[in-house]
Structure formats: C-alpha cells, structure tokens
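Participant: Just the structure for this:
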Amino acid sequence: MTTTQTIDQAIAAMPLLSGLSTRQRKRLSTTATTRSYPAGSVILREGDTSMAMYVLLSGSARVECTGSDGRSIALGVLNAGAYFGEMGLIDDTVRCTSVIALEPTHCILLGKWDFEKAMRDDAEIGLALLRTLNARVRRLEAQLAAHEQELAAVAQR
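Facilitator: Okay, the predicted model is just below:
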C-alpha cells in the first residue's frame, strides 16, 4: 500500500511542481490517488479526454502515438519517477499519446478538478507552475534555435 509520505516524496521530486512550497505539495498529495496497472494495460489512451496527471511510482510504461499511416510509433519508455499527462491539468485538449504498462506499474493520479481547485484556492500554486512552464518553454526555444543553427550549417556545406 502506498503511504501519504511516498506520494508526498514523489510529488516533491517532480520538476514540474518544484516551485511549490512544502505546504502546497502536501495539499496536492492529499487529493492524489493511486492505481495499479498490470503489464500490457493502457494507462491512458490517445484521443481520450485529459482528466489527470500521472507519476510512476514503480514499473515502466511505453509512450506511443499513431502515425499518419495509422501505425503505432514508439516515442519512449518511462520509468519510476517519470510523470506524464501534465498538460491535461492545464487545458481541455485530448491526449496526444497513449501510455501502456510494460510491467506491473503503480501510479499516482492527480485529478484535473482537484488541481484546478487547489489553484483557485491558492493562486501561488498557479504562479509557481507558470514559472516552471515558462522555464520549460525557454529551454525548448533554445534547443530549437540550436537545432536550426545545426541545420543551417549542414545546408551551407
């Protein structure tokens, strides 16, 4: 059985929520639930409505999406400590990937409504999240710029 302390620790270790205070993370921990998935089961399905963010406590999972030809494209493997589905906490778009348990996998689920309520009740949670997401966008922009420079250098050869 997963303890509240284990959930607290997993949430505290998430870079996405690293800007939150201990009190704010504990608040989210109290609303989180856990769920186990047997090997081969779908944790979340591409095209489904986003209802929760997940943190892998144990096990591993494959991330995949459907290509334009209808075939499955493997995007990577997630292990304990990884999180996914976080964008669903912010917007109402459908899932763009599927996540399938590769082995017995235990996850924390942080529900969208619980997260939204926490942000309404404590605006600092939203501000901390915005700072973290802003930093992520800046890193992605820097990676894109570096990639474009590499492509330009290759094109000049």
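
Participant: can you confirm Q149 is in a strand?
Facilitator: No. Secondary structure of Q149 (DSSP: H, G, I helix; E, B strand; the rest coil): helix, not part of a strand.

Participant: from here on, count from 22
Facilitator: Taking 22 as the first residue, the last one we looked at is Q170.

Participant: Now do the contacts for T43.
Facilitator: With contact set as C-beta atoms under 8 Å, 6 or more residues apart in numbering, T43 has these partners: A33. For glycine as for every other residue, the C-beta is placed from the backbone atoms N, C-alpha and C.

Participant: list the helices and strands the lowest-mean-pLDDT helix or strand in the chain packs on?
Facilitator: Scoring the helices and strands of the chain by mean pLDDT, DSSP states H and E places helix 25-33 at the bottom, with a mean of 82. Judged by 3 or more C-beta pairs under 8 Å, 6 or more residues apart in numbering; DSSP states H and E, helix 25-33 is in contact with helix 43-52, strand 73-79, strand 126-132.

Participant: The second one vs helix 25-33, what angle?
Facilitator: Read it as strand 73-79. Here the directions of strand 73-79 and helix 25-33 differ by 110 degrees (axes from the mean of the first three to the mean of the last three C-alpha atoms, to 10 degrees).

Participant: and strand 73-79, which strands flank it?
Facilitator: According to DSSP bridges, strand 73-79 forms sheet pairs with strand 104-105 (antiparallel), strand 126-132 (antiparallel).
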